[in-house]
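1. Model the following, please.
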Amino acid sequence: MKFLRNLRAVWSYLSASPRRLGAGVPEGLDRPVRALATVSAAWGVAMVMLWHVVHRLTFPALLHWIFPALACAAVWLVGPYRWGWMALARSATPSGGRWRAVRWAVLVGLGAWAFAAFHGLGWKHTDAATQLPGWLGWLWPRAMYRVMLLTPLWGAWAMLVTVMYHRPTDRTDGPTRRLAGGVSAGAAAVMLAVPGAGTLVSLMSVEPAWRRFVPVAAAVAAAILGGMGLTRRFGGVSREVLLGCNVLTQLIFLTTCSLAMS
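-> From the prediction side, this is the model:
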């Protein structure tokens, strides 16, 4: 099935090692948008489930939100998005093997930031009342869970908008070149509408009202400016640029949601 092939290709692009991906361009990257949205949404569900399970196993005996936040941050850093985090750490340090220790220190710092963002989000209980019957309560999960579901979608959109603003060059790797060829302005606009509208609806209980727009503005700025900065740092659009911009946008969105909901 063509869609399954697209899913496998997008998953490989996000999670495969550079050596493995460099062995060939995955088939299916020429139509990445729907598959990228699906993979991102599935990852959001997985993170919510992880938080919920760890929270059930450790609360209230073990320090409130520390263990769920630690689990989510750790899986975020060492799971499928690990190459994005590595790219972000690499972008913050000069090239060369002698800077390897510094890059690892930057990576640890990013992990601490991710933990702090998750931990801060865990304390947010404010939410709008709903009239849904109990058996439909899953349609309106807790506010923090809604944010966690939307976070990967913002990262996916960041990848799309980056290839819209920065077209491939002769230095662009083959997988990124194929992915960029399958992204249109219309698809990027639709992909922005989904997390954008979802964020405003999810935060409709936040007061004052202007604070609901802060995470949206921050995510858009992180995607655009982050894409510009990473493209300049790596000398053109590439897989490192897209994956780094993805996790940067996710981190900024998660952090600003935590602050806006306080």
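2. show me where the stretch 101-250 of the chain has helices.
-> Along the stretch 101-250 of the chain, counting by DSSP state H, counting those that start in this stretch, helices occupy 143-165, 174-181, 185-202, 214-234, 239-260.
3. Pull out the buried residues from the first one.
-> In other words, helix 143-165. Neighbour-count burial for helix 143-165 flags 143-164 (criterion: 16 or more other CB atoms under 10 Å). Just so you know, the C-beta spots here come from the backbone N, C-alpha and C atoms, and that holds for glycine as well.
4. Tell me which helix or strand residue 89 sits in.
-> Counting by DSSP states H and E, the secondary-structure element that holds residue 89 is helix 82-91.
5. now that helix against helix 214-234, angle please.
-> Counting by axes from the mean of the first three to the mean of the last three CA atoms, to 10 degrees, helix 82-91 points 70 degrees away from the direction of helix 214-234.
6. now could you export just the CA positions of helix 82-91 as PDB?
-> These are the backbone C-alpha positions of helix 82-91, laid out as PDB (Å, rounded to 0.1, in the frame of the first residue of the first chain):
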ATOM      1  CA  ARG A  82      17.700  11.600  18.700                       C
ATOM      2  CA  TRP A  83      19.300  12.600  15.400                       C
ATOM      3  CA  GLY A  84      17.400  15.900  15.600                       C
ATOM      4  CA  TRP A  85      18.800  16.600  19.100                       C
ATOM      5  CA  MET A  86      22.300  15.700  18.000                       C
ATOM      6  CA  ALA A  87      22.000  18.100  15.000                       C
ATOM      7  CA  LEU A  88      20.800  20.800  17.300                       C
ATOM      8  CA  ALA A  89      23.800  20.200  19.700                       C
ATOM      9  CA  ARG A  90      26.200  20.100  16.700                       C
ATOM     10  CA  SER A  91      24.800  23.400  15.500                       C
END
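7. Give me the residues contacting it.
-> The contact list for helix 82-91, computed with CB atoms under 8 Å, 6 or more residues apart in numbering, reads 14-15, 17-18, 76-77, 103-104, 106-107, 110-111, 155, 229-230, 233-234, 239-241, 243-244, 246-248.
8. just for this protein, where's the confidence low?
-> Counting by pLDDT under 70, the chain contains low-confidence residues at 23-25, 59-63, 96-97, 123-140.
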